[in-house]
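quick check, what structure comes out for this input:
(2 chains)
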Amino acid sequence: MKMTFGFVFAALLAAVPASAHHAFAVEFDAKNCSDITGVLTKVDYQNPHAYIYVDAKENGQTVAKTFQLSSTSNLKRGGATLPVMNASVGKEVLVRGCASRNGEDNRYAASFIKLADGTVQRLGQDVEGVFGTKVWR
Amino acid sequence: MKTYIGVALAAALLLPAAAHAQAGKPFVEARGSVKSVPLPPGGPTPRMSDGHPDLSGVWFAGPTGKANNWSVDPESPVKEDPIPWQPWAEAKRKAMTRVDLELTSVAVNCGPVGTPGMFSENAYAHLISTKPGQFIHLIERNNRWHVVHTDGRPHKPVEELEPLFYGDQTARWEGDTLVIDSISIDERSQIEDGWFHSDQLHVIERLRRPSKNYLEYQFTIEDPKVLVKPWTSAWRTFTLSANDEDLFESFCTNNENPGQLEKLNEIEKTRK
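Below is the predicted model of the structure:
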């Protein structure tokens, strides 16, 4: 029963087209992802992709990092509303990000954030499979 | 499944790999991930005053009644018949690089989706409104919409046909299934990523609502200049918004990287 259900469900889900995934592989490197800790300085929700900015410490220096998030509609439906995100501004967060492969330093695509209150919040695609999803191309 | 989610709920970050995580990767429980809980049927098919099914509602692809872009379930290919390409078309399709595919993808170039792209090239929410004689379809993507008469009227006369992204559309009810028939579709649209078509494209879409919470969609492609025979998709499942959601504003503006399209084009120019 369980297997049958799993199979049927997977088949249904596969109806979701891949078109939501933009050119991730062209822009970001899913094999070059890391946990980045720092102070969340700004949350910028714009259409269709949102951004957050984090000041991280690297070798005693403060380095400004930019993270591209998913679409604002995915974020809002997933609980990452603007007030939720803004509540961590000025506080330490941890962001899982995959580095840009376009030669732009300190630019990443984020998959999740550990907010200041400890909540782990989804922010983007599961390119690494860390949420148990398919690993995108 | 409950077990590993519970374990992962430790609110820590990277926990030891669960059996369901892929390629030895760790599993992370995060708010926003959508779990595989399908909606119940929800009751009988709602009907309009003329007795036909009322397809109205906000719909998401998949069975959960939620946006499934963040589903935590492994995606496996839906069972579809192979596309019956003509040899020249198959060769053209096989020669397309990943960059070609990215450049032609409406998700990257923000172009019009067309028919059947409103369903087949759209991962965003749908708002459908039906009343006797009319089908209204909006998607949460670039304010896209089309309206179709459902009274079975004929297509426009040939001399009036012009290429349109949605095509010249008419619809009729066959029992409880709404059948939308589209011709004269602009050749710049595509059926799905990398699936080009000719000016002879004829799309037959079928929509049915077997219960309150479920909508099913299937489409047939006839394209005698590109395919050797018609092709019909599997039935695809959509579910009614579990939280009675509205559509959000969602414009494709390429803001994720202003130079992305230029870079793709540059790669392509260098290659050729």
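
correct me if wrong: B:Leu161 contacts B:Pro154.
No - using CB atoms under 8 Å, B:Leu161 is not in contact with B:Pro154; the gap is 11.9 Å. Where you see a C-beta, it was placed from the backbone N, CA and C, and this is true even at glycine.

helices of chain B, start to end?
B:2-8, B:87-94, B:98-104, B:106-109, B:117-120, B:260-271 (DSSP state H).

how about the fourth one: buried residues?
Counting neighbours by 16 or more other CB atoms under 10 Å in any protein chain shown, one finds that the buried residues in helix B:106-109 are B:106-108.

what is that helix packed up against?
Helix B:106-109 sits against helix B:260-271, with contacts defined as 3 or more CB pairs under 8 Å, 6 or more residues apart in numbering or on different chains; DSSP states H and E.

and the residue of chain B nearest chain A?
In chain B, the residue that lies nearest chain A is B:Gly32 (2.8 Å; CB to the nearest CB).

residues near that residue, how many?
Neighbour count for B:Gly32, taken as other CB atoms under 10 Å in any protein chain shown: 23.

do the same with B:Arg236
22.

what does B:Thr253 give?
13.

hmm, back to that, these two touch, right, the residue of chain B closest to chain A and A:Gly78?
Yes - B:Gly32 lies in contact with A:Gly78 (CB under 8 Å); the separation is 2.8 Å.

find residues that contact each of these two.
Taking CB atoms under 8 Å, 6 or more residues apart in numbering or on different chains as the criterion, B:Gly32 and A:Gly78 both touch A:121-122, B:70.

most neighbours among those residues, which one?
A:Arg122 (28 neighbours).

now the residue nearest to it when sequence neighbours are not counted: how far from B:Ser71?
Nearest non-adjacent residue to A:Arg122, counting by CB to CB, 6 or more residues apart in numbering or on different chains: B:Gly32, 3.1 Å away. B:Gly32 sits at a distance of 11 Å from B:Ser71 (criterion: CB to CB, to the nearest Å).

for those two, list the residues in contact with both.
Counting by CB under 8 Å, 6+ apart, B:Gly32 and B:Ser71 have no shared contacts at all.

just to revisit the earlier point, tell me the most buried of the helices of chain B?
Stretch with highest mean neighbour count among these: helix B:117-120 (a mean of 23; mean count of other CB atoms under 10 Å in any protein chain shown).

related to what we said a few turns ago, which residues touch the residue nearest to A:Arg122?
Residues in contact with B:Gly32, defined by CB under 8 Å, 6+ apart, are A:74-75, A:77-80, A:121-123, B:70.

out of those, which sit inside helices?
Short answer: those in helices (DSSP H) are A:74-75, A:77.

follow-up on the earlier one: distance of the residue nearest to A:Arg122 relative to A:Arg96?
For B:Gly32, the distance to A:Arg96 equals 13 Å [CB to CB].

please apply the same query to A:Ala25.
According to CB to CB, A:Ala25 stands 17 Å off from A:Arg96.

what does B:Pro112 give?
Taking CB to CB, one finds B:Pro112 at 35 Å from A:Arg96.

likewise for B:Glu268?
From B:Glu268 to A:Arg96 the distance is 31 Å (CB to CB).

hang on, the earlier thing: for B:Pro112 and A:Arg96, indicate the residue with more neighbours.
Neighbour count, other CB under 10 Å: between B:Pro112 and A:Arg96, A:Arg96 has more, with 25 against 17.

OK, contacts around the nearest residue to B:Met48 once chain neighbours are set aside?
Of all residues not flanking B:Met48 in the chain, B:Asp54 sits nearest, at 4.7 Å (CB to CB, 6+ apart). Shown in contact with B:Asp54 (CB under 8 Å, 6+ apart): B:45-48, B:130, B:209.

in those, which residue is surrounded by the most others?
Compared across the contacts of B:Asp54, B:Arg209 has the highest neighbour count, 27 neighbours, by other CB under 10 Å.

mind listing the strands for the chain?
Went with chain A since none was named. Assignment of strands within chain A using DSSP state E yields the ranges A:28-44, A:49-58, A:61-71, A:92-100, A:107-114, A:120-122.

hmm, no, I was thinking of chain B.
B:57-61, B:126-131, B:134-139, B:144-149, B:168-174, B:177-183, B:202-211, B:214-222, B:231-232, B:236-240.

could you dump the ones you listed to CSV with mean pLDDT and distance to A:Ala87?
Shown next, in CSV, are the strands of chain B (pLDDT from 0 to 100; distance: least, CB to CB, whole Å):
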stretch, mean pLDDT, distance to A:Ala87
strand B:57-61, 95, 28
strand B:126-131, 98, 31
strand B:134-139, 98, 32
strand B:144-149, 97, 34
strand B:168-174, 98, 47
strand B:177-183, 98, 45
strand B:202-211, 98, 40
strand B:214-222, 98, 37
strand B:231-232, 98, 50
strand B:236-240, 95, 31
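
would you list the ones you listed in CSV and tack on distance to B:Pro84?
As requested, these are arranged in CSV below (distance: least, CB to CB, whole Å):
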stretch, distance to B:Pro84
strand B:57-61, 25
strand B:126-131, 28
strand B:134-139, 28
strand B:144-149, 27
strand B:168-174, 24
strand B:177-183, 20
strand B:202-211, 15
strand B:214-222, 9
strand B:231-232, 6
strand B:236-240, 20
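
mind giving me CSV with the ones you listed and columns for distance to chain A?
Output for the strands of chain B, formatted as CSV (distance: least, CB to the nearest CB, whole Å):
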stretch, distance to chain A
strand B:57-61, 5
strand B:126-131, 12
strand B:134-139, 11
strand B:144-149, 13
strand B:168-174, 21
strand B:177-183, 18
strand B:202-211, 14
strand B:214-222, 8
strand B:231-232, 14
strand B:236-240, 4
